[in-house]
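> Quick one: sequence and predicted model below, then my questions.
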Amino acid sequence: MVPLSYYLLLSAVLFTLGVLGFLIKRNVITVFMCIELMLNAVNLSFVGFARQSSLLNGQVFVFFVMAVAAAEAAVGLGIIMALFRNRQTLDVDEAHLMKW
Amino acid sequence: MELMIFLILAGICTISAANILIQRQPIYSALSLIVTFVSLAGIYLQMHAEFIAVMQVVVYTGAIMVLFVFVIMLLNARSEQESPHRLRLMKYLVPPLVILLIFEVGWVIFRSFPDETVQISGIPTSMAGNTQSIGRMLFTSYVLPFELTSILLLVGIVGAILLAKKEL
């Protein structure tokens, strides 16, 4: 039996790596991937607590988080495509103006 | 045994997550993110959350990451260059601070949830990942969020098509 704290620690490590990547990466696609990593870290916490309390509500929430992540990925990648078409760059430092 | 499987999967997960940050080519980051997702699916299986594990593989590695890889190849994303106006100090300051933060969070977690927490056994663990009971919950107590999710996905589809159109 794996204690709950191990899952929470792994979740915290993944979330920290996601935040770190979000802050230090300059390619907008990689920044977006780090957001997905953070969502996964939260999912792991949800499933861990659901297992600890022997309830399924946490797993239902993970389902909703996944649905939101799918919608977010579609819209976000659409925004990245539009950004690349208008600016010819994927660097987040280059895209600092709302309107060109 | 269970702990061993968890530790191996957690190690793979952490290393590949760190590899996302180390790699400069976005396509390599995407591939190591896929490894992270698959090992997370293994951890979900080990936690008897079979439905979540399958969803993880189907939705994340099957749908989202394919979309990422498509966009990376479509946009011909190059590796990121060093920008001149970046703080050089940051490169040496960030890793120790991150490790410090992880140790702090780990200390708080281990203090708040000590290892000897009792396992409450309401549902048998073999039933805990039961897809049938998750489906029943989705259509009874969580039916409103479930329907809202469908609207959200519809908005997502329309938004993605609108954004990807030629003339924006």
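Yep, it's here. All values derive from a computational prediction rather than experimental measurement. Numbers count the residues shown, from 1 in each chain, chains lettered A, B, ... in the order given.
> count of neighbours near B:Met14?
One correction, residue B:14 is Thr, not Met. For B:Thr14, the neighbour count with other Cβ atoms under 10 Å in any protein chain shown is 16. (C-beta placed from N, C-alpha, C; glycine too.)
> who's in contact with it?
Contacts were defined as Cβ atoms under 8 Å, 6 or more residues apart in numbering or on different chains; by that measure B:Thr14 touches A:10, A:13-14, A:17.
> redo that, cut-off 7 Å
Neighbour list for B:Thr14: A:Val13 [criterion: Cβ atoms under 7 Å, 6 or more residues apart in numbering or on different chains].
> Beyond the one helix or strand it maps to, next helix or strand please.
Assigned by DSSP states H and E, B:Thr14 belongs to helix B:2-22. Later in the chain than helix B:2-22, the nearest helix or strand by DSSP H and E is helix B:26-46.
> how about that following helix: buried residues?
B:26, B:29-46 (16 or more other Cβ atoms under 10 Å in any protein chain shown).
> quick one: low-confidence ranges for the chain?
With no chain named, the answer covers chain A. By pLDDT under 70, the low-scoring segments of chain A are A:99-100.
> looking at chain B here, not the other one
B:77, B:79-88, B:114-129, B:167-168.
> rerun at 90
B:1-3, B:21-25, B:46-50, B:62, B:74-138, B:160-168 (pLDDT under 90).
> center of it - which residue?
Taking Cα atoms, centre = their mean as the criterion, B:Phe37 is the residue nearest the geometric centre of chain B, at 5.7 Å.
> elements contacting the longest helix anywhere in chain A?
Ranked by number of residues, the top helix in chain A under DSSP state H is helix A:57-87. In this structure, helix A:57-87 makes packing contacts with helix A:28-53, helix B:50-55, helix B:65-75, helix B:131-139, helix B:143-163, judged by 3 or more Cβ pairs under 7 Å, 6 or more residues apart in numbering or on different chains; DSSP states H and E.
> Kindly recompute the last result at 6 Å.
helix A:28-53, helix B:50-55, helix B:65-75, helix B:143-163 (3 or more Cβ pairs under 6 Å, 6 or more residues apart in numbering or on different chains; DSSP states H and E).
> Tell me who's in contact with residue 8.
Picking chain A for this. B:Ile109 (Cβ atoms under 6 Å, 6 or more residues apart in numbering or on different chains).
> in which helix or strand would I find it?
Using DSSP H and E, A:Leu8 falls in helix A:4-24.
> what angle sits between that helix and helix B:2-22?
Helix A:4-24 runs at 10 degrees relative to helix B:2-22, counting by axes from the mean of the first three to the mean of the last three Cα atoms, to 10 degrees.
> Count the residues that sit near the nearest residue to A:Leu37 once chain neighbours are set aside.
Leaving aside its chain neighbours, A:Leu37 sits nearest to A:Gly18 (3.9 Å; criterion: Cβ to Cβ, 6 or more residues apart in numbering or on different chains). Applying other Cβ under 10 Å, we find 23 residues neighbouring A:Gly18.
> Return the alpha-carbon coordinates of stretch A:5-25 using PDB.
Only the C-alpha atoms of stretch A:5-25 are listed here, as PDB (Å, rounded to 0.1, in the frame of the first residue of the first chain):
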ATOM      1  CA  SER A   5       1.900  11.500   0.800                       C
ATOM      2  CA  TYR A   6       3.900   9.800  -2.000                       C
ATOM      3  CA  TYR A   7       1.300  10.600  -4.500                       C
ATOM      4  CA  LEU A   8       1.000  14.200  -3.200                       C
ATOM      5  CA  LEU A   9       4.700  14.600  -3.400                       C
ATOM      6  CA  LEU A  10       4.900  13.300  -7.000                       C
ATOM      7  CA  SER A  11       2.000  15.700  -7.800                       C
ATOM      8  CA  ALA A  12       3.800  18.600  -6.200                       C
ATOM      9  CA  VAL A  13       7.000  17.800  -8.100                       C
ATOM     10  CA  LEU A  14       5.200  17.600 -11.400                       C
ATOM     11  CA  PHE A  15       3.300  20.800 -10.700                       C
ATOM     12  CA  THR A  16       6.500  22.600  -9.800                       C
ATOM     13  CA  LEU A  17       8.200  21.400 -13.000                       C
ATOM     14  CA  GLY A  18       5.200  22.700 -14.900                       C
ATOM     15  CA  VAL A  19       5.400  26.100 -13.300                       C
ATOM     16  CA  LEU A  20       9.100  26.300 -13.900                       C
ATOM     17  CA  GLY A  21       8.700  25.400 -17.500                       C
ATOM     18  CA  PHE A  22       6.000  27.900 -17.900                       C
ATOM     19  CA  LEU A  23       8.300  30.600 -16.500                       C
ATOM     20  CA  ILE A  24      11.600  29.800 -18.200                       C
ATOM     21  CA  LYS A  25      10.500  28.400 -21.600                       C
END
